[in-house]
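Q: For reference, the sequence and a predicted model appear below.
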Amino acid sequence: MPTLISQPTRVAAAGNKPKLIDEYIGRVNSRTEAASIAHVRSPGAWVEPGQTPDFDEFTVVLKGMLRVTHRGGTIDVQAGQAVITGRGEWVQYSTPLPEGAEYIAVCLPAFSPLTVHRDA
C-alpha cells in the first residue's frame, strides 16, 4: 500500500553556517533505512567538514551552485545539473557563491550521522 509523506522533518545540518535540510524520506521522517531524500537550502559561503560516507549520494541542484571537492579536485554543479558521489569516497560540499544553493539530495542507503564519517 502506498505511504503518503504529508510533510518533511527539519533535521540538523553540519557546517560553518546554518542551512535548512527538510527530510521527506529517510531515517528521521519516514523511518526508511533504504534511502533518504531531502530538500536542502544552503546559504552563501557555507562549507561543511569533509566526509567519507558509507552511502552513495545523488544530488540535483535546483538553484545556485554546489561545489563538491574530492581527492582529485573540485566539481562546480550548477542549477539544472546533478552529481553522484560514491560511498567510501572523500568529499566536501560547499556553496561559495553569495546566493548559496538549493538542491535535492538522495542517499542510498539513507543518510545517518553514524555512517557519514565526517572529518574531525
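A: Right, received. Where do you want to start? Numbering: from 1, shown residues only.
Q: going forward, measure contacts and count neighbours with C-alpha atoms only.
A: Noted.
Q: Just want the most central residue of this protein.
A: Central residue of the chain (C-alpha atoms, centre = their mean): Ala105, 4.6 Å from the mean position.
Q: That one: helix or strand, and which one exactly?
A: Assigned by DSSP states H and E, Ala105 belongs to strand 101-108.
Q: Now do the contacts for the residue nearest to the centre of the chain.
A: By C-alpha atoms under 8 Å, 6 or more residues apart in numbering, the contact list for Ala105 reads Ser36, Ile37, Ala38, His39, Val40, Glu57, Phe58, Thr59, Val60.
Q: same thing with Ile37?
A: Neighbouring residues of Ile37 by C-alpha under 8 Å, 6+ apart: Glu23, Tyr24, Ile25, Gly26, Ile104, Ala105, Val106, Cys107.
Q: tell me which of these is nearest to Met1?
A: Ile25 (16.2 Å; C-alpha to C-alpha).
Q: Kindly check the end-to-end length of stretch 47-59 for me.
A: 16 Å (C-alpha to C-alpha, to the nearest Å).
Q: Buried residues in it, which are they?
A: Val47, Glu48, Gly50, Gln51, Thr52, Pro53, Asp54, Phe55, Asp56, Glu57, Phe58, Thr59 (16 or more other C-alpha atoms under 10 Å).
Q: Those in strands, which ones?
A: Val47, Asp56, Glu57, Phe58, Thr59 (DSSP state E).
Q: Show me which pair in those is furthest apart.
A: Longest span within those, C-alpha to C-alpha: Val47 and Asp56, 19.7 Å.
Q: and which of the ones in strands among the buried residues of stretch 47-59 is nearest Thr69?
A: Nearest member of those to Thr69, counting by C-alpha to C-alpha, is Val47, at 10.5 Å.
Q: If you drop the residues flanking it in sequence, what lies closest to the closest one?
A: Once flanking residues are discounted, Val47 sits nearest to Ser94: 4.2 Å by C-alpha to C-alpha, 6 or more residues apart in numbering.
Q: Give me the neighbour count for the one you found.
A: 24 (other C-alpha atoms under 10 Å).
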